[in-house]
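[1] below are the sequence and a predicted model for it; my questions follow.
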Amino acid sequence: MSDEHVALESLLVAFEGTDPLRTRVHRVLSALPCEVQSDFVDDPRFCILPLTRKSSGETLLALPAPDGSVSRCVVLKKRLASCSLAFGLYVIAHELAHAYLRNGPWQQYADPEEAADALAASWGFDKPASWF
């Protein structure tokens, strides 16, 4: 097993028992450029988790570190496992793009949403016409 594969697997620990969501997240992570994968694996502030709520009012809030650095936590709804494959992969890639860009601009895209869409598309995950 390669070092890159082991490193990506370490990001998926929280997704044990969540197939097909785990498989979809792994597929997107594996398709990312090496520099993006390394950025995620090497940053202790980055994490990717499935949304789990013990009660309807519970919310995950990732606070900044004492040094002021922001969290790069991506939390994915479990329904991404049951929507269409194209839509699920797109949403996962879009959210990872936000984390990579630190919710900022990219190339000519000043708006963070447009930037995340464009970066996800550059990785091969275009926004589909529908979610079903």
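    Noted; the coordinates are in hand. Computed from a predicted structure; not experimentally measured. Numbers count the residues shown, from 1 in each chain.

[2] from now on I want contacts and neighbour counts done on CA atoms only, so please keep to that.
    OK.

[3] so who does Ser30 touch?
    Leu8, Gln37 (C-alpha atoms under 8 Å, 6 or more residues apart in numbering).

[4] just the element for it, please.
    Here Ser30 sits within helix 21-31, counting by DSSP states H and E.

[5] for this protein, give me the ranges with low pLDDT.
    1-6, 54-65, 68-70, 132 (pLDDT under 70).

[6] can you map out the strands along it?
    Using DSSP state E, the strands of the chain run over residues 46-50, 72-76.

[7] I'd like those strands as CSV, with distance to Phe40 and mean neighbour count appended.
    CSV is the format used below for the strands of the chain (distance: least, C-alpha to C-alpha, whole Å; neighbours: other C-alpha atoms under 10 Å):
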stretch, distance to Phe40, mean neighbour count
strand 46-50, 6, 19
strand 72-76, 9, 19
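
[8] follow-up on the earlier one: residues of the helix holding Ser30 that come out buried?
    Leu21, Arg22, Arg24, Val25, His26, Val28, Leu29 (16 or more other C-alpha atoms under 10 Å).

[9] the third one touches Arg79, doesn't it?
    Translated: Arg24. No: judged on C-alpha atoms under 8 Å, Arg24 makes no contact with Arg79 at a distance of 11.7 Å.

[10] give me the most central residue, this structure.
    Residue closest to the average C-alpha location in the chain (C-alpha atoms, centre = their mean): Leu96, at 3.2 Å.

[11] what about the closest residue to it other than its chain neighbours, distance to Ser122?
    Nearest residue to Leu96 in three dimensions, chain neighbours excluded: Val74, at 6.9 Å (C-alpha to C-alpha, 6 or more residues apart in numbering). Noted for Val74: a distance of 19 Å to Ser122, by C-alpha to C-alpha, to the nearest Å.

[12] swap in Pro44?
    According to C-alpha to C-alpha, Pro44 and Ser122 sit 25 Å apart.

[13] if anything else comes up later, I'll come back, but that's it for now.
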